[in-house]
Each structure stands twice: as structure tokens, then as C-alpha cells.
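> how would this look folded up:
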Amino acid sequence: MAVDVSPALVHICDPGGRPRGRGFRADPAGTVLTSHEAVAGLDHLLLRGPTGRSHVLTAASVVPLPRWNLALVHAPALPLTPLLVGAERPAGTRVLAHLGGRRDGVLLPGGGAGRPDAAGHGPPAPAAVGIALTPRAAGCPLPGPEHTGQPVLDAATGAVLAVLGAPHSSPHVLGGTLLRAAAAAEPDGHLARLLRRNGATVPGFGPDLNLAGVLRLAAASLGPARLIHAAAAPQGAGAARLPVPRAELAAQLQQFEAGPGRVLALVGRPGSGRSTELAAHAARRVDRPEPAPTLWLRGADLWASDGGLREAVARALGGADPDAAALAARDAGRPLLVLLDGPEEMPGALASALPRWTAATARWLDEVDGRLLLACRPEFWERAGALFPAAARHGAFGCLPVGDLTPAQAERARLALGLGPARAPEETRHPLALRMRAELEAAGLPSGSGGPSTDPHRLFTAYLALAAGRVAAALSGGAVTEATAARAAARLREAARRSVATGALGRRAFACLFPWSEGWAGAVLDQRLLVPAGAGYRFADEEFGDWLHGAHLDLDATLPAAARGGVPRHRVGVVAQAMLHLWHDRGPEALRRRVRPLAEALAAPGDDGWWARHLLHEVLLGLPDASGLLPELRWLADRVGEGGPGRAQPFGPGFWRRLRLGVPDLLDLVRRVLPADRRVPEGGERHLATAAALLTAAPAAVMPLLCAWFDDERPLHGSETDPPPPGLTVAAAAQALLYAHRHLAPGELVATLAGRGHPRAEELLAELAEEEPAAPRRAALPPAPRPGGERPAAGRALASARGTPAAGQATLVLRGRRPGPDAPPAEAAVPGPPESRYLGAASPHGQRDGWTAARSENGAALA
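Numbers count the residues shown, from 1 in each chain. Below is the predicted model of the structure:
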């Protein structure tokens, strides 16, 4: 191998210009490594670089290492290229040195002539080395004192292995210092620190693979991450980008890297920005002052024959040894992080062997101190997360949920994108919807009122037209014709039809639909409608791709196959979109025929029940108007209410709250599921909190609806660990809810109760009369007497708000005053006895976070 080291060599002279030795630059900071003999005894030294320009330095620039016959010279002004310091080599390795001409040689075993001689020249073992030179060519000078400090190179790779000392005996056997051995003897010394800087900044490959080499190899995989990150970064005025950092996720990822866990998954629905966050984390790692090795893979890069992650890492590193790469990163203090985007794309055969793959991956990561960060759908992590060993997962579940933007983030995003004020939380906090709306508005197309707003179907339809127009413009050089745009849209739909089974479009099919020679391929790739993925192509935006695929899915064949386990669970989004297409194309009746069998299979074991629950959840929440399926929703609500909280998932409070229904219909569904309610930790969701939010948003309209609950005497189930008090029913909950919020509209409440003519209404009026006797008289209805003076559970709860000091404090809270400092917070928030405390969310102070959040997110939309 011809190795030219002249750009890195420096000639060292005394102040008079007489040669003293040579050296080479070992790091970007300008540190020159030479022999101690070359600089010993000099107060000033003259350094001459490859350009012939001289630099005078003082002895203060020199760090002598006489034990190893080495010296470090700080010379940042010299325009030199650093040389790589290689790994240790065995005796017999072929080497070369430039001694007025190339001289080949071999490393001698046992140090040879490299050991100190009688005069004390040379380093001690084990750093001493001897180099036996081959016979010199004609005209090549003998080694002399001016050659001390010359680097000795591996003849095969060009890496520096040793530094020559001055010849003291035979001109054919020279002594030198093995750099790695000397550094290992003093791991915290100047030489060891220099070699660490060399390894971090001068790339080495093959046997000399170092941190800088791993960084360069891994960087080649980051092209997709850079594209994703660029698509989310601001690109100038009017650009449709989403430049909103999500600091809470970045902090969690930093904790993951600093913790003992090996595996973490960013888990979110398509369009939530999980891939964007994965790319943002890659950018943070590689753009910092001390970049860390970061490798990007996507599920389509995995092969069916892979035993674990290690094989895919080897391919991504261009065939480099993945163990050596990861260990080099570990030894440098910057462990390798593998980013795996969309693991659902892995081949079906590998998905079937997922237990083996996860076990092998966890073992390898532990062996090399590496880490794996995935970005995937919940359906994938539901299975894969349980397969990774608990010790390998970061945290209890090994996942970090990625959802919609926070209200503050969404507001910043709207301002950055030039969008107007929020119209509906479901749309304006969803990252993909925000980006698409911004692109539509930037193109002058409708995206708000009168256009695609909260309905993804309308949004995607408009975006498809925009994308087709962009492709047409790219093909025609700027002019867009309807015919070309229609052809582009048709080809995109055909691409979806051909890839509906797996989501992947093969290369031949891609070339057929989008010929390279005609510019079609370049147009769709430049617009990032499709992106390369493994051996084919996929739609860049997964949620948009699911919508396109759903238009071509055969539900008659797919639903039975899914129930038998013949459809991967991560394809649930496509199946749900197919059912939503059915609603848009043929109306509620066509969808109802599909929904009822799913509802009846909710409790079925295995795949049948799983698909029923997940499809119902996605489809019902995806409807822009769920009123067409009210019979099915009532049936579902009754089933959930009968089964208790243990059977409520995934139909918990958040599901019902997000349904697009009018207030009367929604409140009726909440009543039906209320027996499944239970007390939850502060900030959690409850069905009662949904009712409280609706009542707070429109008290006059909701109070009569809550009074209709007085006939519902079904008991609340609670949970085995937190059962409700005996006698607590839906009707009692309605009473407590109305009492707790009586100050919202006291006149309307009294009038509503007076006109109800129900015993529970009369009870509540009586309680109000004890607080404010004039209230029932204004309603012209006196409180009805109770036989025997008995009161049901809710009446006792309300009445006991008086009579004891603790209950008196609770009443003060309900009246808007503060209890004494000694009052227990959980007890003082809700009136007296256990049944009322169990309700919690019935109070405007108890469970405040739960019902306030429900109100703030949905109050305006549901009012």
C-alpha cells in the first residue's frame, strides 16, 4: 500500500536550523508527536511544515515524556493533516518508515533492539520495539539522528504504530516506542489523552476501527433521519414546517441514555410525530461538540434471516464488525445508539420469530453496552415490549408515549406555520394535521371552516389533490394541467392499491407507475410522497398511507382473516380506514353492518376479541359524526357498564369524551357506562368527570338531562381493591353532581328540580332548602316529607356535610371557602361520608385535574 505521510510530517530543527528530528500531527488541535531526543535541551525549536514555512516555538510548547522517549509539541499554526494512530500489532507485522526514501521492515518479537541500551537510550518494555529494515534501495541514505521521531506505519493500512528513536547500533535494526503500549501503561497520562483525541477525530477502519471511524460509518445511515428532521425544521417564510421542540420527550430520552436500560420505544399513532422525534434525537447526538455514534435503521432494512439486531447493524456499517464498532464507541465513553424506525415493516418471517430476535438483540446490546431506541405503533410494542427482558427495558414498560402536541406547543406551531386560531383540539394539536393544513393554506387551498377541518378524510382528500398538483408541476416545469394532476393522483392511488397488503411497493412496481426516464420517480421522491424503504418504497406519511390503502382493502376478506390471526395487528389502522371509507362512501347503514358483529365479539379471546376492540375504538372515534351509529354506541355502553372497569378497556372515559356527538346523546352514553366508573389517582380520567365538564360548560342545558338519571338505580361497581360504599347508584351520583355544582346556576337548578316531580329531586330541594330556605319557595314547591325521616345514600351524604367539624370543613370547600389547615386534602375536598368521597369528581374541588382537563379540552366542542 502506498502511503504518503508528507502532508502530516514536520521537520524539527534547533534555532540555527540544524535538523534534530521529525514528528507528525496527531490531532486537529495541532499536537505534534515526536521523540524526546528531537527536542531535548532546546529552549527554542524551529518547526518546518510541508509547505516550507517555519514556526519558532519555545520550550513551554513542549510536554516531554522522557520515560517513553517521546514528546508532545503544541503547534496549532502548522497546516498539517493528522495521522491515525493504529491499534496494537503482533510481532512480524510488516511496517514502513520514510527515511529519505521508503524503507520496509517488520516488527521484531520481544522488543529486539528497541530495549534501552547501556547508555539508557530507548523506552522500557513493553513499549520498546525493534524494527528490522529490509536492505535499502540504491541511493537511499542510512538512518541518521535527523530521523528520530519519524512515525513507523503499518504497511497495509498506513496507521502509525510506533515512533523511531535515534539509531545507536546497527543501521538495519532500529528501536522505537510502541504508542499503544506506552499509553496503556499510563492510562491517565498525556499520551493516553492524546490517543483518545486521535481516536475521536481521525477516522480509522478495519483493524484500526475507532470512535471517529464508527461516527463516519454510522453517519452514512443518517440520510433518512436528516430528511425527516429537515421536513420538521423551519425553511424560511411561508414554509409549511413544524418547528416545535418537545422538550418533555427530549428530557426523557436523555434520561434513557444515562440510565441502565438498553431498550426504549417511542410509541404513538401514525401522524403523532414519533419518527420526527427519533430524527430530532439523532440530530441532537451528532450535532453536539462531542458527537455520539448514532445508527439509523428502519424495519424494512431488517432481513428474515437476521438472528438479532447485530446483523442489521453490520450491514448498515458497510460490513464493519458490529462488535468492534460498538466496543470502540463504549471504550470512548459514547455508547452506540441504534434508532429503529417503523419496526412493523420487518419481514413477516422475522415477525414470526420476534421472540428469538428480541432475546438475541437484548443479549448483544448488553454485551457491547449499546442501546436501541424504536419508534413504533402501539400494536407492535404491545407484543415486542413484553418479549424484551425486564432488565433491558427502560422503566417499567420500556415505552415513552408520543401523542398530540400540548396546547402550548400547538399554539406555537400555529403561529410558526401562519395558521389561524384553533378550531378543534383534535385537529389543531395533531402534528400531521397541522403540517398538512399549513401546506394547504400556503398553496391557497381551503383547510379550515368550509374545508377539511376535524375530519381527516376531507383533509387527506384535499392533500392528495395538492400533492398531485405538485407532481404535475414538477413534470411540466411549473405549469399544472388538470389532466396531468389527475394522472398523478391516479398513479398515487394505484401505488396504494398495489401495496395494500404490506404497505411496501416493490421496485419494479414503482418503476412501472413512476418511470425514471419520464421524471415521475424523481417528482414523487422529491415531494417525499414515497420514500425508499428496504427493497422497495413506502408512503412517507404513514397515516396518509393508511388512508390511501384503506380505499382499496377488501373488508369481506380481511375481517375474517384478521379474526383468525392472519393479518398483522399493526395493520389495524388500514382496516379502520377501510371501514371509515365505507361510512364516507355509502353512509352509516353500510358501516353498521360491519360494526355490530365486532361489538358482539368484544369479549372473545385471542385475535377475534383484539381486533373487535381495536377496530371499534378507532372507527368510532374516527367518525366526523357518530350519531348515525347511536344504537351500536348505546349497546356498547351498556356492555361496558355491565362489565365494570375491568372490561372497559379500551373504552374508558377518554373514549366516550372524544366521540363527536351532541350533549344529550353523549350524556346518555356516560350514564350507561357510569357503573364502570371508579376512583382514580389525581389527574386520571373518570366518567363522572366528563359529566361534570358538560355540566360546567352548559349548566342550564345539562341539569335537566342529569335529572333524568334519577330513575337509574344501577349500582356503581368500582374495583375489587376500591369498592364503592353500599347503595351508591347512578341516580345518587347525579344527585351529588348537581349538589356539588349547585352554584353554577342556582335558579335553573331549583326550577329544574321543582318541575321534575321525582323523590330524588325533592330530596335535593330539601337539602338546598336547609342551606337557603328561600330557594324552594322561589320555585313554589315545598320540600316533601320523608317517611320515617330516612334518606337514601346521596341524601345522607349531602346532609352529613353538616353536623361534625370535619364535614363542616368540607361544606366550606363546596361553598368556595378554604378549610382549616389541618383538614386532610382528600377528605376535605368532598362532603363527609365515604359514598360522597368516593364520587370525588362530583365536587368542583375534588379530582380537580380530571374534570378540569375534560372541560378545557371538550367543553366548547360539546356544549
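
> so who does the closest residue to L530 other than its chain neighbours touch?
Distances taken as CB to CB, 6 or more residues apart in numbering put Y537 closest to L530, at 4.6 Å, once the chain neighbours are dropped. Bear in mind the C-beta positions are built from the backbone N, C-alpha and C, glycine included. Y537 is in contact with 504-505, 507, 510, 530-531, counting by CB atoms under 8 Å, 6 or more residues apart in numbering.

> Assign a three-state SS to Y537, would you?
In three-state terms, and counting by DSSP: H, G, I helix; E, B strand; the rest coil, Y537 is strand.

> in the sheet, who's paired with it?
Listed by DSSP bridges, the beta-bridge partners for Y537 are L505, P532.

> Now that we have the contacts of Y537, which of them are buried?
When neighbours are counted using 16 or more other CB atoms under 10 Å, these contain these buried positions: 504-505, 510, 530-531.

> so how far does stretch 285-298 reach from one end to the other?
Taking CA to CA, to the nearest Å, stretch 285-298 runs 18 Å from one end to the other.

> low pLDDT regions in the stretch 101-250 of the chain?
Applying pLDDT under 70 to the stretch 101-250 of the chain flags the ranges 110-123, 125, 136-142, 168-171, 232-243.

> sorry, back to before: identify, from the contacts of Y537, the entry nearest to L72.
Closest approach between those and L72, by CB to CB: V531, at 48.3 Å.

> ok now do the closest one, which residues does it touch?
By CB under 8 Å, 6+ apart, V531 lies in contact with 224, 227, 525, 537-540.

> hmm, which of the residues you listed are the buried ones?
Using 16+ other CB under 10 Å as the burial test, those include 224, 525, 537-540 as buried.

> ok so A692 is a helix residue?
Yes: for A692, which was evaluated using three-state DSSP, the result is membership in a helix.

> Where does pLDDT dip in the stretch 351-500 of the chain?
423-427, 447-454.

> Show me where it has its helices.
Along the stretch 351-500 of the chain, counting by DSSP state H, counting those that start in this stretch, helices occupy 354-368, 378-387, 407-417, 425-428, 431-442, 456-476, 482-498.

> Now render these as a markdown table, adding distance to R657.
A markdown table is the format used below for those (distance: least, CB to CB, whole Å):
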| stretch | distance to R657 |
| --- | --- |
| helix 354-368 | 35 |
| helix 378-387 | 19 |
| helix 407-417 | 16 |
| helix 425-428 | 11 |
| helix 431-442 | 19 |
| helix 456-476 | 19 |
| helix 482-498 | 33 |
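
> Burial-wise, tell me which of these comes out on top.
Burial among the helices of the stretch 351-500 of the chain, expressed as mean neighbours by mean count of other CB atoms under 10 Å, is greatest for helix 431-442, which shows a mean of 23.

> What helices and strands are in contact with that helix?
With contacts taken as 3 or more CB pairs under 8 Å, 6 or more residues apart in numbering; DSSP states H and E, helix 431-442 sits against helix 407-417, helix 425-428, helix 456-476, helix 542-550.

> Could you rerun that using 7 Å?
Using 3 or more CB pairs under 7 Å, 6 or more residues apart in numbering; DSSP states H and E as the contact test, the elements touching helix 431-442 are helix 407-417, helix 456-476.

> Closest to S35 out of the buried ones among the contacts of Y537?
V531 (54.3 Å).

> From A316, how far off is that closest one?
Relative to A316, V531 is positioned 17 Å away (criterion: CB to CB, to the nearest Å).

> try W610
W610 is 33 Å from A316, where distance means CB to CB.

> do the same with R383
Going from R383 to A316 by CB to CB gives 24 Å.

> Could you do V160 as well?
29 Å.

> higher neighbour count, those two?
A direct count of neighbours by other CB atoms under 10 Å for V160 and A316 places V160 higher, at 26 against 20.

> who touches the more buried one in this structure?
Counting by CB atoms under 7 Å, 6 or more residues apart in numbering, V160 touches 24, 83-86, 151-153, 179.

> could you dump those residues to a markdown table with distance to T484 and secondary structure?
Written out in a markdown table, the entries for those read as follows (distance: CB to CB, whole Å; DSSP: H, G, I helix; E, B strand; the rest coil):
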| residue | distance to T484 | secondary structure |
| --- | --- | --- |
| F24 | 61 | strand |
| L83 | 57 | coil |
| L84 | 54 | coil |
| V85 | 59 | strand |
| G86 | 58 | coil |
| P151 | 63 | strand |
| V152 | 66 | strand |
| L153 | 60 | strand |
| L179 | 64 | helix |
